[in-house]
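Asker: What follows is a predicted structure for the sequence shown.
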Amino acid sequence: MLKGSLPELFLDTDVAFDILSKREPHFHHSVQLLELAAKDKAALLIAESSLANLIYLSMDIYKLSNTEKRLLDFISACDVISGGKQIMLQALFSSFKDKEDALQYHTALNHGADYFITRNNSDYRNSSERLPVMTPAEFVALSRMK
């Protein structure tokens, strides 16, 4: 992160879906990330591949009401980033057990995100020191201390 710039928070699909679906008990902490972004205290990132998962979960699995509006509102608050072929290969050959998690993590790492935000810290034991993994609650607490 450049001095004076906003910290870039990459949102794992689970955190994004908690926001979209207002899934409790996780919604309370996850939506605070949107509030930080609205106050220009953080920039939110989401992978293009995560959006495909969110569309599928929201429309086909959980059949959320007003899905299109929810997705449009959410996407408007985020920068959408892509990994491409090289990142896909890195994810496939990584030591991550879950390759979808690996794809998201390597996309964020390659982009240069400052934090990877997930509810499942244990899924990211193989993460790099260059991209710290935190829960929404942990990041919100950290941002209050600054």
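Answerer: Nice, I can see it.

Asker: buried residues in the helix or strand hosting Glu68?
Answerer: Here Glu68 sits within helix 67-76, counting by DSSP states H and E. Neighbour counts over helix 67-76 (16 or more other Cβ atoms under 10 Å) mark Thr67, Arg70, Leu71, Phe74 as buried. The C-beta positions use only the backbone N, C-alpha and C, and glycine is treated the same way.

Asker: Spell out, range by range, the strands that occur in this structure.
Answerer: 8-11, 43-47, 78-81, 115-117, 133-134 (DSSP state E).

Asker: what would those look like in TSV with mean neighbour count, distance to His26 and mean pLDDT?
Answerer: Formatted as TSV, the strands of the chain follow (neighbours: other Cβ atoms under 10 Å; distance: least, Cβ to Cβ, whole Å; pLDDT from 0 to 100):
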stretch	mean neighbour count	distance to His26	mean pLDDT
strand 8-11	25	12	98
strand 43-47	23	16	98
strand 78-81	16	18	97
strand 115-117	26	12	98
strand 133-134	19	14	97
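
Asker: So what's the residue count around the closest residue to Glu48 other than its chain neighbours?
Answerer: In space, and not counting its chain neighbours, Glu48 is closest to Ser82: 4.5 Å by Cβ to Cβ, 6 or more residues apart in numbering. Per other Cβ atoms under 10 Å, the neighbour tally for Ser82 reads 11.

Asker: wouldn't Ser82 be in contact with His106 here?
Answerer: No. Counting by Cβ atoms under 8 Å, Ser82 sits too far from His106 to count as a contact (11.8 Å).

Asker: For the nearest residue in space to Arg23 that is not next to it in sequence, the count of nearby residues, please.
Answerer: Excluding its sequence neighbours, the residue lying closest to Arg23 (Cβ to Cβ, 6+ apart) is Phe17, at 6.7 Å. Counted with other Cβ under 10 Å, the neighbours of Phe17 add up to 23.
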